[in-house]
Every structure is written in structure tokens, then in C-alpha cells.
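>>> have a look at this prediction, sequence included:
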Amino acid sequence: MNKPHEGPLLDAARSAAGVGVPHPHESAHLHVAGEATYVDDMPELAGTLHAALGLSPLAHGTLVGIDLEAVRALPGVVDAFGARDIPGRNDCGPVVHDDPILADGTVQYLGQPVFAVLAHTRDAARRAAARAKQVLAIEPLPPVLSAREAHALRRYVLPPMHLVRGDAQAAIAASPRRLAGSLSVGGQEQFYLEGQIAYAIALEDGGMLVHCSTQHPSEMQAVVAHALGIDAHAVRVECRRMGGGFGGKESQSALFACIAAIAARRTGRPVKLRPDRDDDFLVTGRRHGFEYDYEVGYDDDGRVLGARIDLIANAGFSADLSGPVMTRALCHFDNAYWLPHVAAHGYSAKTNTQSNTAFRGFGGPQGALAIEAILDEIARALGKDALDVRRVNFYGRSAGGDAHAERRVTPYGQAIDDNIVHALVDRLVHTSDYAQRRREIAAFNAASPVLKRGLALTPVKFGISFNVAHFNQAGALVHVYLDGSILVNHGGTEMGQGLNTKVAQVVAHELGVPLARVRSTATDTSKVANTSATAASTGADLNGKAAQDAARKLRERLAALAVQRWRVDAAQVRFADGFVSAGEQRIAFAELVREAYAARVQLWADGFYATPGLHWNRDTLQGKPFFYFAYGAAVSEVVVDTLTGESRLLRADLLHDVGRSLNPAIDIGQVEGAFIQGMGWLTTEELKWHPQTGALLTHAPSTYKIPTANDCPAVFNVALYEADNPADSIHRSKAVGEPPLLLPFSVFFAIRDAVSAVGGQRVSRSAAPEANSGARKREGLVMHPPLRAPATPEAVLDAIAALRA
Ligand code: MTE
Ligand code: HPA
Ligand code: MOS
């Protein structure tokens, strides 16, 4: 079986101090001891007040009045305010300015914050805020609660988007075979362990300091400045770490930062806002659920000749990040496949629910899931193993091989010159013993009337870069102190993904010092300005390069001193193992630093990086949005109880491309975590809103089921596909945060595979060739289980019932 640390991971050329080494997470010892400081762990300043949010009890209505006096009279309450009391702009939307901090004029979803309460204790603030129903006067309006309903009414938060190549309709009409269908996939709650939180401290002369759990300190700085009507230079936002973000703190930490800051300005006292889990669910948005209607034409081998699809996202009440999310969904409908004629239409439906936002994968999973479902159906219609159909549709090999160069161009016009999916899948088919297990499962199912097993292999191709080109920039600031220790600050944020560890490794590598000599500090808008969100998996790519740039400046200055000292060539000077050397000469790094100080050499440096070569036309959806692609594939085997609908993942084999890993321990952790998180999305995590009132019914772990340790498969083989990134990324590594979230597609399609075995409808050619002719005869009937995601027991039973009908 694959051993995770096989391969040239410990390549001697890659310094033991720095990159390529499985160093533990920089805060691991603090995480396990409970000593890592999150915002709520910071010692509270004297006089700190606690804020709570008064939420709309209706999904849609006209806000007629708020009796704030009644709120202020409640026990322990110090102050209360509404939208009209905001000194600056009542807006915290990241792109389109349709996101009020507090509702004004209308309420647009059940749970929308309408007012804020400040009290001496958190409990008193929450009790007062819970009186919302009594103090709010709202005239009800009819809510629109589902994406399909909004789509029918053409109610969108943004204009529809179209990604088109060739003539899909004509290609489908001319195809020897066709199928059409619909699919539904639910949203997903980020369920960060540390909820949203902000702690604001009013400073002298109109200044404001906000400690905030956020992936985007610069955006928080900007929205706080707007809300207060002050300059950005008066606002400082700091984030040492988050207890998870997963996209949920890319834009939606804004409301909390703004409320805390407005409250701190009003009272002159420090104010902390930390909603409880239920309110966090009710107030903030999550992954967009999608609905799809599609039509494809294909040939006898299962090759797609033309595809037309409508992607209807539930955007919620406002645009938030739905534009870039839909763009990424459209740009991932191709996944790893060449689609000669394609017409993909994206609709961001406006509903009276929480405003949906970033979540690991950022629309990519929702785009790619659709083509995987289509290929699965084609395979079942043809009586083929879905893997065979996937393979004939792969993009052309990049290194020669394919005669047709056009098989390497995406529908959005980017040429793929780094395709490794063929080799990666070949390897995984072999190491996972796919063919043998396919036969064993067919035999098992033939003998097992109730329990059915299923197997699936799905590939991933994921584009790396923000699909808003100018976000692809980063800065860093590196200080060297006189004892030779180094402090790194960069624009990225730490949310558990190990970014600070990787950036510190890069700096340690450049300066040739042990990793322990490098410390990462809290992200701080007063150190590195105008940063992008830590998102799109680009944290290490961007900030690693920026920190490398800064460290190289320092190394050059120190090397110049060594050149003077020893009268050697700059090219001879080496930085390794805590020493600077040239031939026989060497000096401790710290000693050279002291000499540099004495010689009045600047011992801190800034660094900057901008990803080269990106361009994007947001009207035509054409260009080169991605610096490179990350690939992967997974094989999952499940067992389904066809009487109860329960399913279990028995074994998963993952092979994921991280380029030349900066830190294989962290990367494997990211791959495993993303896999299990994505499996939760597709199997157990179900969001339900009350169909009349629009109340989110699944707003706590009692009703919303994320995976637990028990859901990890007993056999879990995770391996990195190590090869240099052909793009000039940081040490030839690849981004890893999001792409592996698509690996558990294999779990969903394995469940579909098991469901299809019900009633002897197993139609895999390689598994049961004798069934093939029968399968062909049944064409035109429902050959595929119309399974929706998440594949909860209920969904599985519905699919089984449909097959038996
Ligand atoms: N890993 C942990 N432990 N916690 C997180 O919140 N967020 C994911 C991913 N991995 C996340 C995580 C998301 S949504 C992204 S975009 C990336 O990490 C962001 O970090 P990176 O760009 O440094 O990989
Ligand atoms: N990912 C995350 N956030 C973003 C992106 C993206 O691709 N584009 C703009 N914001
Ligand atoms: Mo990640 S969804 O880009 O924060």
C-alpha cells in the first residue's frame, strides 16, 4: 500500500531546516495543551461590555419599528442600537453593496440582525437580544425560500452568467445518444470550532483596534472604517489564528467586526461580540446548495460530444461572494474532462435565507459534481464501468501523446499544460486494486440481498488562483533580531491549515537557520497593508513567495558582508544549519547579524509577490484565471443497508497532487481533513428550512450532522503524488487547502453504485459482462439511481424506491 512519506520527500538538496520536511504545525503543542490563544481567550480589559444581536423572527417583511427603549430598560443592558445609529455606512458586503450590517427598511431572512444590545455580561446581552420578537414591528411579506422558486421568478442577486464554447445544442442534437436529467446538492455549514467573534477596543484620537477571527483582516479594516466613517489608517485589525474558517470567515466576519467596533465607538468601552452556535448558524451563510438541469449528447464509448447545463445556486438574500463562487462553479464543470461543445448557465437565485458565501472549494465542488453525475449516468446507460467512461473523456495528455491540441483547452480558454490525471489515475487504479475489488463487490452483491456494496473512482482537477486576478498578490515583513532570531509577518491568516508553519519553513530555508529560530506573528493590518483574504488555497503560494522575497533581501545584505569579510565571491556564500560559510570559512548566523548591525545594515525587509500571467474577462468568462491546476483521485468503497438507507465508507484510497510538498505532514492532514469534510457535505450534513416560515431547522449539532472520527474508514490510504509543479510556485509546491475536498465525490458515487445494485440492476461491464446485453435492452428505462446529495439514509431510500417503482 502507499506509504505517505514515500518518495523523495527528504531530498538532501532540500535543507533539513526548511522546506519539504514534515515539521509539526507551529502551534501543535499549544493546540493539544489548550494553550493556543483564540480571541475569546484573550484577557478581557476592565470595563469590557458584551454584545448580542437581535434577530429578525420573520424571513421577509417591512421593518416598521424597533422599541430600543424597551431593550435598554432590560436588566444589565447598557446600550442598544439599530441601523439608523450607525455613524458611517450601513454596509458590509464584499463585492456588491447589498449587505446591511443591521436590517433597515426590510428584513430579508429569518435570523437577520436588526439591532445590537450591549450589557455587562454576555448572558444579559443575549437575554435582552432574545426579546427581538417583542420589540420589533415587522409587516410580513411573502418569502421566497427555494432556489428553484426564485429561478422561476427570475429573482437573482446577480445577472446570470454564461460560459459557452461551440454549439452545445447542435452537438447534442447530432449525437448518437442523449440523456437529460436533474440533480440537487445541498449546502454546507462551515462549522468552524471557534465561532465568529470580534473584540473591539476604541483607541485614542478616534482609532479602533479589532481582534477578529477572520480570514480577511484588510477587508475587516475597510468595512469597520466605512461603518465608523473614519480612515483606514485609524483602524487596526489583528488575528493571531482562527479555530477554523473554511471560507466562513472570508467575508462574513464583517458583520461581527462592524457591530463590535460601532459599539466600542458608542460607549468608549471595549466590546466583545461572540454569538452562540445557534445564532452563528442563523446569522451567517454557508456553501451554496445547487440545483442542476442538464442535457448531454455522447457516443457509444461514452464520450461527451455536447453538454448543456443550468446551475442554479441558492445565493440567499444578498450577493456576498456568489459572483466569484458561480464563476468558479462554471469553470469547474469540466473537472478533468474535455467537453468539445458546452453551454453552462449560472443563476444566483435570491432567496429569503442567509446569504451564502465561501466554503472550501468555493463553487468548484458544485461545478465538478455535476459533470461527474452526468458521466456516471452515461456509464450506467451504456452498461459500462464509470471509470472507463471517465477515462475516455479526460483532457489530453500534456506531454505529447494526444494528436489533438484542442483537447487541452478549457471552455474558458485556458490551455492545460500540466495534465497528470492519466498517470495519477493509472497509479491509483493499481495501488487500490480497483479491478479485483470491482469483481469481489459484484460477487458480494449477487449473494447479499440487503447489504450492497459500491465502488467508485473520481478524479479532481482544481484551478489555483483567485478568479479575481488582482487578488493574487501578497506581502511580508521579516525582522532579524540581534540574537539571530527571526520574526515573520505576512498577509495570510492561520486557520489551522499550517500556513504559518510553511511560511516560516520558507524563511528558515532562505536564511539557513533551524526552524525554531523563526517565529510567525499575528496577522496585523498595520504590518502588511492591503492584503487579500487567505482563501482560494493560495495562502502558502502567495505569502510564501512574498516572505521568500523578503528573506532573500536579508540574505543578500548579509552575504555582502560575508563577501567583504572573507574576500570571496557572493556565489560562494552559503547559508545552512545556522551558519554562514564560504569554503573553509564560517561564522554563526547570529554573529554575522551582530556584525551587520554594527555596520549599520538594515536587518528587516519587506517582500512582495504577484502571481504572473493571469488575465480574465469577467463578461465573456474567458482568459487565464489559474496559475496552474492541482490534481488528485480517490477510490471509495461503501456498504449500503438497502432497508434502512444507512451507508458506511469501508475503505478509501487517496492519491493527491501537491507538487513538491513544502510539508508532507501538513499536506496529508489537509488531504485527509478535506476528504472527510467533503464526505460530510455529500452524506450526512443536511440543511432544512421550514417550508413556510423559512426558519433554519438544522441550526445546532443536534440536528446538523458533521462527520466524526467514527466515520473515518477503517482502511484509509492517503498518499501524495509528488512531482515538481511545472509552474514556478514556491519551491515547486502546489496549493492543497481546497482541491482534496472533491476527492469524496468517490464516496457519493460509490453509494450510487451500491444503490444501483438493488434489484439486480448492476450494469458494470467489467464486473458482469453477461449483464451487458440486458442492460442495453433496458435502455430508455431508469437505469441510474436518481440519488440527491447529501445521500442521507432518507435520500438513499428515496433512490431505492424510485428504482423499484
Ligand atoms: N484547514 C483548516 N485546518 N482550517 C481551515 O479553516 N480552510 C480551508 C483550507 N484548509 C481551512 C483549512 C480553506 S477554505 C482554504 S481556502 C485554505 O485552507 C486556506 O488556506 P491556504 O490558502 O493557506 O491553504
Ligand atoms: N476563492 C476564494 N475567494 C475568492 C475567490 C476564489 O476563487 N475569488 C474571489 N474571492
Ligand atoms: Mo477558502 S473557501 O477559499 O476560504
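It's in. Numbering: from 1, shown residues only. Ligands and ions are numbered 1, 2, ... in the order given.
>>> all contacts plus neighbour counts: C-alpha atoms, from now on.
OK.
>>> contacts only, for V480.
Counting by CA atoms under 8 Å, 6 or more residues apart in numbering, V480 makes contact with 486-487, 593, 603-604.
>>> now distance to ligand 1 too, for those residues, in CSV please.
Below are the contacts of V480 laid out as CSV (distance: CA to the nearest ligand atom, whole Å):
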residue, distance to ligand 1
I486, 21
L487, 19
V593, 30
L603, 27
W604, 24
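>>> which one of those residues sits closest to D79?
D79 lies nearest to L487 out of these, by CA to CA, at 41.2 Å.
>>> right, and the closest one touches A522 too?
No. In this structure L487 lies outside contact range of A522 using CA atoms under 8 Å: 10.6 Å.
>>> now the common contact residues for those two.
With the criterion set as CA under 8 Å, 6+ apart, the contacts of L487 and A522 do not overlap.
>>> secondary structure element for V640?
V640 is part of strand 628-641 when elements are defined by DSSP states H and E.
>>> close to ligand 2: what parts of this structure are there?
By CA under 6 Å from any ligand atom, the residues of the chain that approach ligand 2 are 324, 362, 466-468, 535-536.
>>> pull the CA atoms of stretch 334-354 into PDB?
Only the C-alpha atoms of stretch 334-354 are listed here, as PDB (Å, rounded to 0.1, in the frame of the first residue of the first chain):
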ATOM      1  CA  ASP A 334     -15.300  20.500 -16.900                       C
ATOM      2  CA  ASN A 335     -13.400  19.000 -14.000                       C
ATOM      3  CA  ALA A 336     -10.800  16.700 -15.700                       C
ATOM      4  CA  TYR A 337     -12.700  16.300 -18.900                       C
ATOM      5  CA  TRP A 338     -12.600  17.700 -22.400                       C
ATOM      6  CA  LEU A 339     -16.000  18.900 -23.400                       C
ATOM      7  CA  PRO A 340     -16.000  20.000 -27.000                       C
ATOM      8  CA  HIS A 341     -19.300  21.800 -27.000                       C
ATOM      9  CA  VAL A 342     -20.600  23.200 -23.800                       C
ATOM     10  CA  ALA A 343     -23.100  25.700 -22.600                       C
ATOM     11  CA  ALA A 344     -23.100  26.300 -18.900                       C
ATOM     12  CA  HIS A 345     -25.500  28.900 -17.500                       C
ATOM     13  CA  GLY A 346     -25.200  30.100 -13.900                       C
ATOM     14  CA  TYR A 347     -28.000  31.600 -11.900                       C
ATOM     15  CA  SER A 348     -27.500  33.000  -8.500                       C
ATOM     16  CA  ALA A 349     -31.000  32.800  -7.100                       C
ATOM     17  CA  LYS A 350     -32.100  35.300  -4.500                       C
ATOM     18  CA  THR A 351     -34.000  33.700  -1.600                       C
ATOM     19  CA  ASN A 352     -35.000  34.800   1.800                       C
ATOM     20  CA  THR A 353     -32.300  32.800   3.600                       C
ATOM     21  CA  GLN A 354     -28.900  33.500   5.000                       C
END
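>>> give me the distance from that stretch to the chain's centre.
18 Å (CA atoms, centre = their mean, to the nearest Å).
>>> avg pLDDT for it?
Stretch 334-354 shows a mean pLDDT of 98 in the predicted model.
>>> could you list the low-pLDDT ranges of the stretch 301-450 of the chain?
399-403 (pLDDT under 70).
>>> taking it, what residue is nearest to ligand 1?
For the stretch 301-450 of the chain, the residue closest to ligand 1 is R360, as judged by CA to the nearest ligand atom, at 3.4 Å.
>>> pretty sure T357 contacts A313?
No. With contact defined as CA under 8 Å, T357 does not count as touching A313 (11.0 Å).
>>> which neighbours do these two have in common?
H288.
>>> out of these two, which sits in the busier spot?
A313 (34 against 29; other CA atoms under 10 Å).
>>> okay, the more buried one and ligand 2: tell me how far apart.
Counting by CA to the nearest ligand atom, to the nearest Å, the gap from A313 to ligand 2 is 16 Å.
>>> now do L482
Plainly put, L482 is 39 Å away from ligand 2 if you go by CA to the nearest ligand atom.
>>> so that residue, which state does it fall into?
coil (DSSP: H, G, I helix; E, B strand; the rest coil).
>>> tell me how many other residues crowd it.
Neighbour number of L482 under other CA under 10 Å is 16.
>>> cool, thanks, signing off.
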